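> Model the structure of this input:
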Amino acid sequence: MKAKKVEDQDLVQAFIKGDPSAIEVLINRHRNKVYTYILLTIKNQQLAEDLFQETFIKVIQSLRSGKYRDDGRFLSWVIRIAHNLIIDHFRKEKQMNSISNDENNIDLFNSRKLADQNIEERIVENQIRSELRELINALPEDQREVVLLRHYGELSFKEIADQTEVSINTALGRMRYALINLRKMIKEKEISLTLQ
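Numbering: from 1, shown residues only. Presented below is the predicted three-dimensional model:
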């Protein structure tokens, strides 16, 4: 029987029962979609590869410990694991980037490396990106997924519909609601997303 004809759930059950080749088939089958999702979200190839491996390590651990329930959407479950690992990464990164000048013998804020002529613009641009990422992360999962795939992944709505296994109208509707929600959050939080 060819691997492509075997359903994901059959492969999951085979792996749980002790067939290690079944997980290889699942990883190879979904490698591109999972890796692309991670890469489009974090935009760092080395980190994407690390998180991809971490995702499937977690998948294997979860399958072995019986934490996966069959809802016929194995890929969505894997993407959700990847997404949670990405959020964890950004949280850790945010904590690590909190630097106090008092803890260092050198004056970080008078460093020549930080004295480039466009440093203020870069700081503002990074702040805008950070705030936008937080807003996107605050969206409901289905809306967030469409925004990431459309704007970071540059996928068409047809490709998004295929990847998320919904109709084009549903994908378009999710994008519409995502934009409405983003505008609402920007207004409520009085955030400026322009360089001044």
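
> alpha carbons only for contacts and neighbour counts from here, please
Will do.

> name the element Lys187 belongs to?
Here Lys187 sits within helix 168-189, counting by DSSP states H and E.

> which other helices and strands contact the helix or strand encompassing Leu26?
Using DSSP H and E, the secondary-structure element containing Leu26 is helix 20-42. Packed against helix 20-42, as judged by 3 or more Cα pairs under 8 Å, 6 or more residues apart in numbering; DSSP states H and E, are the following elements: helix 8-16, helix 45-64, helix 74-96.

> Give me the distance from the second one to the chain's centre.
In terms of Cα atoms, centre = their mean, to the nearest Å, the centre of helix 45-64 is found 13 Å from the chain centre.

> Could you give me the buried positions within it?
For helix 45-64, the buried set under the neighbour-count rule, 16 or more other Cα atoms under 10 Å, comprises Ala48, Leu51, Phe52, Thr55, Phe56, Lys58, Val59, Ile60, Leu63.

> Which of those residues lies at the shortest distance from Leu149?
For the buried residues of helix 45-64, the residue nearest Leu149 by Cα to Cα is Ala48; the value is 15.4 Å.

> Could you pull up the residues touching the closest one?
Tyr35, Ile38, Leu39, Ile42 (Cα atoms under 8 Å, 6 or more residues apart in numbering).

> Select from these the one having the most neighbours.
Ile38 (26 neighbours; other Cα atoms under 10 Å).
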